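S.K.: no sequence for this one, just the structure:
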């Protein structure tokens, strides 16, 4: 079984959303201020593999530093960004999605805009901004499933 994980952060680089998906467990999002080491540990399914995109240099260090939890020791961690490079697919996740023909409901939204959406929610109580942020995070996570499938088809991942 495999887990796909992505985080969002605010302008101060504090985690605002942790989204993850595992087939039998479904899709889960933890949203600040209800993000803690305990809440994450209770929510994570027991699986062998963890997939992220640029997670080895962003998501997982943030989780380790902020929550004191090293997911790379808990799971066999695969960063899809590096797997994509093996087939010559370069760029960020959105560039890889474009290459593979994966479309988004929120085209043009990126990590910087996600921080703005959190700001609108946390400062002004904008619930629409929060819903957009959660959809953006969900698309990041679920599109990793598609990227992994394309990598498997290309013979890169088993």
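M.R.: Arrived safely, thanks for sending. Note that the structure is predicted; figures quoted are calculated from it, not measured.

S.K.: okay, CA-based contacts and neighbour counts for the rest of this
M.R.: Will do.

S.K.: Run through who's touching stretch 138-158.
M.R.: Taking C-alpha atoms under 8 Å, 6 or more residues apart in numbering as the criterion, the residues outside stretch 138-158 that touch it are 4-6, 19-21, 27, 51-53, 80, 83-84, 86-87, 93, 96-97, 100, 102, 104.

S.K.: This structure: strands as residue ranges?
M.R.: Here the chain has its strands, by DSSP state E, at 2-9, 15-22, 26-31, 49-52, 76-79.

S.K.: So for residue 114, which of these sits nearest?
M.R.: If you check each of those against residue 114 by C-alpha to C-alpha, strand 2-9 wins as the nearest, at 7.1 Å.

S.K.: So which elements touch that closest one?
M.R.: Applying 3 or more C-alpha pairs under 8 Å, 6 or more residues apart in numbering; DSSP states H and E, one finds that strand 2-9 contacts strand 15-22, strand 49-52, helix 111-124, helix 127-153.

S.K.: quick one, which of the ones you listed is nearest to residue 37?
M.R.: The minimum distance between residue 37 and those falls on strand 15-22, with 11.5 Å, by C-alpha to C-alpha.
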